[in-house]
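**Student:** Next input, structure requested:
(chains A and B)
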Amino acid sequence: MSKIDQHDHNRITEDGAEAVALALAHRHRAWRIVRRMQRRERADWLLEDARGNEIALEVSGVDRGNIAGRLSEKLKQVAKNADIDQRWASVVGFEEPAVALRSNGGY
Amino acid sequence: METDLLNTLVTEAIWRAEELEALGKRPALSAWEDVSRIEEQLAKALPVSEAQGRIARRGAVDAALKAGDYDRAQALADAYIAEEAAPDSLKTALREILEEADQEIASRFQHAAKHHTPREAREFARRFSEAGAFGMAA
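**Tutor:** So this is what the prediction gives:
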């Protein structure tokens, strides 16, 4: 697979995961998207809940295999965001459809 | 401009810059410059006491570096560090962003880095640029 094909493949997985995770976050938590963040922030998205509390959300997609390992990795990553109190990760699995949305703290 | 609109614009600009990076560093340079300009507008609209204000300030500096505009990154970082209400954590983060960029340049130009730091090299370049061709000869 060429570099650009590999990129496209990864991007499709990531974009698909983001669409599912953001829909899930809105449907089940009523979170609203504020903005996308740059990589340095250790989270992909800044969201807010109905009371205006901010949430940092890191999203990842898994094309094959189960999502548990990736979820643990992403929770560690988002925990490094120093500015936002609520830090969450969501992982979407496509082989056997599954999605997890979890906080790294007590939320 | 309202922050909701700026947030929409920065979201789109970051996505575009990240996509262009797949084609190489050069095609993404102007896209990162767009990101930096929008983050700068957000930083003007949002106080440093708010998390979103700090995210925008770090983002403006980081994106300026990704755009290859070191002078702009330095100027923005200096301005944000000088803000009275800027917390120490933000000042540290901004200095780290600039230091990481310096280290990256030093590792790419190892022989030159033995003689001058990247910051010194940029200062020389700025002085030469301001003095023009005749100033360089003087």
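**Student:** What residues does chain B have near chain A?
**Tutor:** B:7-8, B:10-11, B:14-15, B:19, B:22-23, B:35, B:51-52, B:54-55, B:58-59, B:62-63, B:89, B:93, B:97 (Cβ under 8 Å from any Cβ of the partner chain). For glycine as for every other residue, the C-beta is placed from the backbone atoms N, C-alpha and C.
**Student:** Now for residue 104, how many residues are close by?
**Tutor:** You didn't say which chain, so I picked chain A. Residues contacting A:Asn104 under the criterion other Cβ atoms under 10 Å in any protein chain shown number 20.
**Student:** Let me rephrase: I mean chain B.
**Tutor:** With other Cβ under 10 Å as criterion, B:Glu104 counts 12.
**Student:** same thing with A:Asp5?
**Tutor:** A:Asp5: 9 neighbours (other Cβ under 10 Å).
**Student:** and if you look at A:Ile33?
**Tutor:** 16.
**Student:** OK, contacts around it?
**Tutor:** A:Leu22, A:His26, A:Trp45, A:Leu46, A:Leu47, B:Thr11 (Cβ atoms under 8 Å, 6 or more residues apart in numbering or on different chains).
**Student:** try A:Ala21
**Tutor:** Here A:Ala21 is in contact with A:Leu57, A:Val59, A:Ser90, A:Val92, A:Val99, A:Leu101 (Cβ under 8 Å, 6+ apart).
**Student:** In terms of helices and strands, where is it?
**Tutor:** A:Ala21 belongs to helix A:3-29 when assigned by DSSP states H and E.
**Student:** mind listing what's buried in the following helix or strand past that helix?
**Tutor:** As assigned by DSSP H and E, the chain's next helix or strand after helix A:3-29 is strand A:32-36. Neighbour-count burial for strand A:32-36, counted by 16 or more other Cβ atoms under 10 Å in any protein chain shown, picks out A:Ile33, A:Val34, A:Arg35, A:Arg36.
**Student:** Now tabulate those residues in a markdown table and tack on distance to A:Gln6 and pLDDT.
**Tutor:** A markdown table is the format used below for these (distance: Cβ to Cβ, whole Å; pLDDT from 0 to 100):
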| residue | distance to A:Gln6 | pLDDT |
| --- | --- | --- |
| A:Ile33 | 28 | 97 |
| A:Val34 | 31 | 98 |
| A:Arg35 | 28 | 98 |
| A:Arg36 | 23 | 98 |
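**Student:** that older thread, nearest to B:Glu84, of the contacts of A:Ala21?
**Tutor:** B:Glu84 lies nearest to A:Leu57 out of the contacts of A:Ala21, by Cβ to Cβ, at 31.8 Å.
**Student:** Just the pLDDT for the closest one.
**Tutor:** pLDDT recorded at A:Leu57 is 98.
**Student:** Got phi/psi on it?
**Tutor:** The phi/psi pair for A:Leu57 (degrees, to the nearest 10) reads phi -120, psi 120.
**Student:** if we can go back for a sec, could you provide the buried residues of strand A:32-36 in TSV, with additional columns for distance to B:Ala28?
**Tutor:** As requested, the buried residues of strand A:32-36 are exported to TSV (distance: Cβ to Cβ, whole Å):
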residue	distance to B:Ala28
A:Ile33	23
A:Val34	24
A:Arg35	19
A:Arg36	16
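**Student:** Nearest to B:Ile105 among these?
**Tutor:** A:Arg36 (27.4 Å).
**Student:** Tell me if I'm right that that closest one and A:Asp44 touch.
**Tutor:** Yes. Counting by Cβ atoms under 8 Å, A:Arg36 touches A:Asp44, with 6.5 Å between them.
**Student:** which is the next helix or strand following whichever strand or helix holds A:Leu75?
**Tutor:** Element membership for A:Leu75 (DSSP H and E) is helix A:68-78. Toward the C-terminal end, the helix or strand that comes next after helix A:68-78 (DSSP H and E) is strand A:86-93.
**Student:** Give me the mean pLDDT for that next one.
**Tutor:** 97.
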